[in-house]
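Student: Model the following, please.
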Amino acid sequence: MDLQEFKTQVLPAKDKLYRLAVLMLHNKEEAEDMLQDVFLKLWTNRHKLHTYTSIEAFAMTVTKNMCLNKLKAGKVRKQIDIAGMELSSDEASPYQRSEVVDSLNKVQGLVAMLPEQQKLILHLREEEGCSFEEIEQITNLNINNIRVLLSRARKSIRDGFFKLENYEVG
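Tutor: Numbers count the residues shown, from 1 in each chain. Here you go, the predicted structure:
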């Protein structure tokens, strides 16, 4: 694989890889560093990339594994940035915007409390739009397990949110 092929086949996955690294490391700077390390690893092993059916799925797997290694080493500074999220509705009142932001914070808190595997699968499916086959390649789980974990994650978030909402109302 030459530089041009690398640019056309690997670099388009940059945004997905970055979002995955941010999800796992909870720190934008650490995610940027991780992305550089991932691309360096992919570039040094570029002669092997043609053996994979989906280079993007392989790159996601490499990113996941490198992030897990960094987390195991305990060298990650935790940081969650909600300030970048913006509501762009001109019709919403300040009260409505406050309610939406509050609900968003609750859901993010519930997602953060999920087990890592459920959090990863939920992110890949909902945020990245990966198919079950792509998630299967990235996580090395079979499709039935992925469906079960995704269902449990969604149910946990839904039940937790309703529990929070009912508790505040009651």
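Student: For this structure, give me the ranges with low pLDDT.
Tutor: 75-92, 167-170 (pLDDT under 70).
Student: mind listing the helices for it?
Tutor: Here the chain has its helices, by DSSP state H, at 3-9, 14-25, 28-44, 55-73, 94-112, 116-122, 132-139, 143-169.
Student: How many neighbouring residues does residue 157 have?
Tutor: Residues lying near residue 157 (other C-beta atoms under 10 Å) number 20. Where you see a C-beta, it was placed from the backbone N, CA and C, and this is true even at glycine.
Student: Identify the residue nearest it in space, chain neighbours excluded?
Tutor: residue 110 (4.8 Å; C-beta to C-beta, 6 or more residues apart in numbering).
Student: for the one you found, what are its contacts?
Tutor: If a contact means C-beta atoms under 8 Å, 6 or more residues apart in numbering, then residue 110 has 156, 157, 160, 161, 164 as its contacts.
Student: can I get those residues in JSON lines with distance to residue 36?
Tutor: Converted to JSON lines, those look like this (distance: C-beta to C-beta, whole Å):
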{"residue": "156", "distance to residue 36": "34"}
{"residue": "157", "distance to residue 36": "32"}
{"residue": "160", "distance to residue 36": "36"}
{"residue": "161", "distance to residue 36": "37"}
{"residue": "164", "distance to residue 36": "39"}
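Student: Which among these count as buried?
Tutor: Buried by 16 or more other C-beta atoms under 10 Å: 156, 157, 160, 164, out of these.
Student: What's the separation between the third one and residue 119?
Tutor: When distance is defined by C-beta to C-beta, to the nearest Å, residue 160 is 13 Å away from residue 119.
Student: same deal with residue 159?
Tutor: Taking C-beta to C-beta, one finds residue 159 at 16 Å from residue 119.
Student: More neighbours: the two, which one.
Tutor: Between residue 159 and residue 119, counting by other C-beta under 10 Å, residue 119 is the more crowded of the two (17 against 11).
Student: ok, and the closest non-adjacent residue to that one?
Tutor: Among residues not flanking residue 119 along the chain, residue 111 sits closest, at 6.3 Å (C-beta to C-beta, 6+ apart).
Student: Which residues are in contact with the one you found?
Tutor: Counting by C-beta under 8 Å, 6+ apart, residue 111 makes contact with 119, 122, 157.
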